[in-house]
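J.: fold the following and give me the result.
(one chain, ligands or ions: 1)
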Amino acid sequence: MLPARIERPLAVSKLSLESLLETAGDAAFRIDSNYRIFFCSQKARQAFGADAGLIGKLITDYLAPDDIPAFQAGLAEASESATTTRVNSRLQIGNSAQWYELQLTSCASDSNQLEFLILARDVSEQHATEERLRHMATHDVLTGLPNRSLLSDRLRMAIAQARRLGAGFAVLALDLDGFKKVNDALGHAVGDALLRVASVRFRDSLRNIDTLARVGGDEFIAVLPSAIDINELQMIARRMISTVQLPFEIDGHVLYVSTSIGAAIYPQHGDNEVKLLAHADTALYRAKETGKSRCVIYDFAKFDLPEHDVSMEAAMYDAVRNGEFRLYYQPIIEARTRKIVGFEALMRWMHPDLGSISPTQFIPMAEANGLINLLGGWALKAACVQIRHFQEVAGRPLYVSVNVSPRQFRNDQFLQVMDDAMKLSGLNGQQLLLEITEGILMSDPEHAEVLLAAIAKRDVRIAIDDFGTGYSSLSYLKRFPIAALKIDRAFIKDLPVSVKDAAICNVVMSLASHLNLTTIAEGVENDQQLDFLSKQGCAMIQGFLTGRPLPPEEVLQVLQTGVLPPVSAVAEGARAL
Ligand SMILES: [Mg+2]
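T.: Residues are numbered from 1 along each chain as shown. Now for the predicted structure:
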């Protein structure tokens, strides 16, 4: 309740005030200190309907209940400060609530009682526009789902709530297996329609309290508050998986896709947004690698990935900006002639304070946070341009071997990046060798088939890196256009003494010769190994014996003088990208 009496002169007569109010705003009211209306303008009567019978009613009866406290505070302030205050409130008109800006002014009645003038301006359209803009900034246009920015808010809220309650929650990362194929074959319009329908199905299989966001292409993230029981989590995931397995009828096409899901649980798999998303993403990759259409829950012990280091991740972004990443080049030698025929480009991170950071540390991180696409694209272009320079100095053609990571291989832009690298450097296809692992081929063979065919069409060659250490399912050698096998150092290091390793190398080389594949042995460290491999028909070798990875300026010296710098005693820390 507001004070009933105030000492304030009345500036205008009652009559002239009310005639003024008739023309003011979209509606005008006079109320007493008990909020009771004793005057309303003609426009107010029209707005509220002629029979509204406003006089004698409480203005608060027409306000949305949520807005009443702010309205009362506005009146109190107007009365105390003797100035006009403004509040935005919803006025209940018929069955709908509309937004008004209310100008509140206190004054004294003839009998020196406190009363208020309320000038109302209809701001419902402006409010709707603001609401639309807010929605657009926080939602995905295609599916209407929350976007990454709103997801980030919801995740932070979930973390704060979980901390308060000492409870947990789950984060799911999911995407559509086979989506790219639909997009490529039937066009973006069909792809977009598929995403819209799939997002509705996902949404419907979640609970009301869950958040589903679309964070890119066919990538979605779900936040499930309080769902930390593994059985409950698996049940929700199964519902999502099975809802997508039903055929989609779009534009006269009947489409079949599936979904793979990776889950991370707060707090055991991460106590912040970055860690939770990274670990859910890692689990998603594992789900795809191990058969798709399934849900995998993150597991520190099994996934054997370095702990996601947020400060290191921030440093990586800086490093890209500051040019701290460099490429080193390890010579690849023809076993028969011992001449340099090419180089493998290997990435190094020279941190200004920490010194050289091992690729085994930063590559998995870049793979998890997606930075690998940027780094890998840069490496591919820089290596091609550099090799062009090397061969000008050497006066003979050379080739460059570049490692391609799983995430790069899955990226839609990969082919474009490769084409740009070729164009920029003027290399021909034969001078570029892309190193991929067996895992890449096995995780999505349909995608691999399309992409490798496009790569082979450009004469660019593909090598299987670390051959023999992965799945060793040889069927892919027949299915895909593979040009070379890189025999893993694990089989080389005990040669020629180890009978088993010698047998494995013989089999690999015999297989390669029958399939017309080039062999490159990695990690060759002494002459006995080189002699053995050369006799068995291994075409090329790479290792400390014939040159450690060198910065470009040292490679230029080698090419000019033909002399390799002495190998230091430092162990070969350079694992491939
Ligand atoms: Mg490699």
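J.: which one of the residues in the stretch 51-200 of the chain is closest to the ion?
T.: Lys180 (25.5 Å; Cβ to the ion). Using the backbone N, CA and C atoms, a C-beta is placed for each residue, glycine as well.
J.: can you list the domain ranges for this structure.
T.: 14-129, 139-303, 324-561 (automatic domain parsing).
J.: and the ones you listed as a markdown table, adding mean neighbour count and distance to Asp318?
T.: Rendered in a markdown table, the data for those read as follows (neighbours: other Cβ atoms under 10 Å; distance: least, Cβ to Cβ, whole Å):
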| stretch | mean neighbour count | distance to Asp318 |
| --- | --- | --- |
| domain 14-129 | 16 | 39 |
| domain 139-303 | 18 | 16 |
| domain 324-561 | 18 | 8 |
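J.: contacting residues for the residue of the stretch 51-200 of the chain closest to the ion?
T.: Going by Cβ atoms under 8 Å, 6 or more residues apart in numbering, Lys180 touches Asp218, Asp412, His447.
J.: now tabulate the domains of the chain in CSV and tack on mean pLDDT.
T.: Shown next, in CSV, are those (pLDDT from 0 to 100):
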stretch, mean pLDDT
domain 14-129, 87
domain 139-303, 90
domain 324-561, 90
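J.: can you say which of those is nearest to Ala314?
T.: domain 139-303 (9.4 Å; Cβ to Cβ).
J.: what about the residue of the stretch 51-200 of the chain closest to the ion, which SS state?
T.: helix (DSSP: H, G, I helix; E, B strand; the rest coil).
J.: does the ion have contacts with the longest helix anywhere in the chain?
T.: Using DSSP state H, we find that the single longest helix of the chain is helix 371-394. No. Using Cβ under 5 Å from the ion, helix 371-394 never reaches the ion; the gap is at least 11.8 Å.
J.: what angle separates the helix or strand that comes right after that helix from helix 371-394?
T.: Later in the chain than helix 371-394, the nearest helix or strand by DSSP states H and E is strand 399-403. When axes from the mean of the first three to the mean of the last three Cα atoms, to 10 degrees is applied, the directions of strand 399-403 and helix 371-394 differ by 170 degrees.
J.: paired strands for strand 399-403, with orientation please.
T.: Sheet pairing for strand 399-403, assigned by DSSP bridges, gives strand 340-351 (parallel), strand 432-436 (parallel).
J.: picking that back up, how far does the longest helix of the chain sit from its chain's centre?
T.: 26 Å (Cα atoms, centre = their mean, to the nearest Å).
J.: that helix packs against which elements?
T.: helix 310-322, strand 325-334, strand 340-351, helix 359-369, strand 399-403, helix 406-410, helix 414-425, helix 552-561 (3 or more Cβ pairs under 8 Å, 6 or more residues apart in numbering; DSSP states H and E).
J.: quick one: Gly25 and Ala120 touch, right?
T.: Yes. Counting by Cβ atoms under 8 Å, Gly25 touches Ala120, with 5.5 Å between them.
J.: need the overlap of contacts for the two.
T.: Gln103.
J.: just to revisit the earlier point, okay if I get the helices and strands packed on helix 371-394 as JSON lines plus distance to the ion?
T.: Putting the helices and strands packed on helix 371-394 into JSON lines (distance: least, Cβ to the ion, whole Å) gives the following:
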{"stretch": "helix 310-322", "distance to the ion": "21"}
{"stretch": "strand 325-334", "distance to the ion": "9"}
{"stretch": "strand 340-351", "distance to the ion": "6"}
{"stretch": "helix 359-369", "distance to the ion": "10"}
{"stretch": "strand 399-403", "distance to the ion": "5"}
{"stretch": "helix 406-410", "distance to the ion": "13"}
{"stretch": "helix 414-425", "distance to the ion": "17"}
{"stretch": "helix 552-561", "distance to the ion": "17"}
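J.: tell me which of those sits nearest to Arg238.
T.: helix 406-410 (24.7 Å).
J.: neighbouring contacts of the closest one?
T.: 285, 367, 370, 372-373, 376-377, 414, 436-437, 439-440, 443-444, 447-448, 451.
J.: CA atoms of that helix as CSV?
T.: What follows is helix 406-410, C-alpha atoms only, in CSV (Å, rounded to 0.1, in the frame of the first residue of the first chain):
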residue,chain,number,x,y,z
PRO,A,406,39.7,-39.2,-39.6
ARG,A,407,38.0,-36.0,-39.0
GLN,A,408,39.5,-34.3,-42.0
PHE,A,409,38.6,-37.3,-44.1
ARG,A,410,35.0,-36.9,-43.0
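J.: show me how far it is from its chain's centre.
T.: 14 Å.
J.: again, but for stretch 459-466
T.: The answer for stretch 459-466 is 28 Å, by Cα atoms, centre = their mean.
J.: surely Phe248 is in contact with Val197?
T.: Yes. Assessed by Cβ under 8 Å, Phe248 is found in contact with Val197 at 5.7 Å.
J.: I figured Met422 hits Gln430, correct?
T.: No. Using Cβ under 8 Å, Met422 is not in contact with Gln430; the gap is 11.1 Å.
J.: who touches both of those two?
T.: With Cβ under 8 Å, 6+ apart, Met422 and Gln430 have common neighbours Val460.
J.: quick one: the helices in the stretch 51-200 of the chain?
T.: Using DSSP state H, counting those that start in this stretch, the helices of the stretch 51-200 of the chain run over 68-81, 124-138, 148-165, 179-186, 188-204.
J.: what would those look like in JSON lines with distance to Arg30?
T.: Below are those laid out as JSON lines (distance: least, Cβ to Cβ, whole Å):
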{"stretch": "helix 68-81", "distance to Arg30": "13"}
{"stretch": "helix 124-138", "distance to Arg30": "23"}
{"stretch": "helix 148-165", "distance to Arg30": "42"}
{"stretch": "helix 179-186", "distance to Arg30": "63"}
{"stretch": "helix 188-204", "distance to Arg30": "49"}
